[in-house]
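> With the sequence up front, the predicted model follows.
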Amino acid sequence: MKKWLFLVLAIGCEVTGSVSMKTAVESPGFYALATLGYVGAFVCLFVSLRNGMSLGVGYGIWGAAGVAATAVMSMLIFGEPITLLMGVGLVAVMLGVLLVEVGSQLDRRGGVDQSGADDGRTPGSIRSTPTATDATR
């Protein structure tokens, strides 16, 4: 649970840093907040990883959610548009991260064969229970 809390905090810090950087163009005092936001994002991501978050999943969610949240905040604060194509792209990124998370969960439970062994399955095939061949690996 702690790893997810710090991942959410990392996303919030990154979005704060990004929005502050844009604001700093007009008001240079926001550069300090942008710096704190980015430093906070990396510290929180580090703590999330230290608490067991896998790098691929954590970094993927951090990146995808950060991009999506920054786009929404840019629309709300600065009036920047989110076009249909941009929306489709954001959804595609989030679906990709979801697939990485599902694949990671299956792999941790032994549900995805990545070995490519000649046992009648193709690499990446889902299996429900380990086979006798699996025990010899």
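It's in.
> Where does the residue nearest to residue 72 when sequence neighbours are not counted sit: helix, strand or coil?
With sequence-adjacent residues excluded and distances taken as CB to CB, 6 or more residues apart in numbering, residue 72 is closest to residue 82, at 7.3 Å. No exception for glycine: its C-beta is placed from N, CA and C like everyone else's. Following DSSP: H, G, I helix; E, B strand; the rest coil, we place residue 82 in the coil state.
> what bits of this structure have low per-residue confidence?
111-137 (pLDDT under 70).
> Find the residue at the geometric middle of it.
residue 61 (1.3 Å; CA atoms, centre = their mean).
> For the nearest residue to that one once chain neighbours are set aside, pull up the helix or strand it's in.
Counting by CB to CB, 6+ apart, residue 97 is the residue found nearest to residue 61 once chain neighbours are left out, at 5.5 Å. Element membership of residue 97, judged by DSSP states H and E, is helix 84-108.
> list the buried ones in that helix?
Residues of helix 84-108 classed as buried by neighbour count (16 or more other CB atoms under 10 Å): 90, 93-94, 97, 100-101, 103.
> Just to check, residue 73 is in contact with residue 19?
Yes: shown here, residue 73 and residue 19 form a contact pair, counting by CB atoms under 8 Å, at 5.3 Å.
> Comparing the two, which residue is more hemmed in?
residue 19 (21 against 16; other CB atoms under 10 Å).
> That one: what secondary structure?
Relying on three-state DSSP, one would call residue 19 helix.
> Since that was my last question, I'll sign off now.
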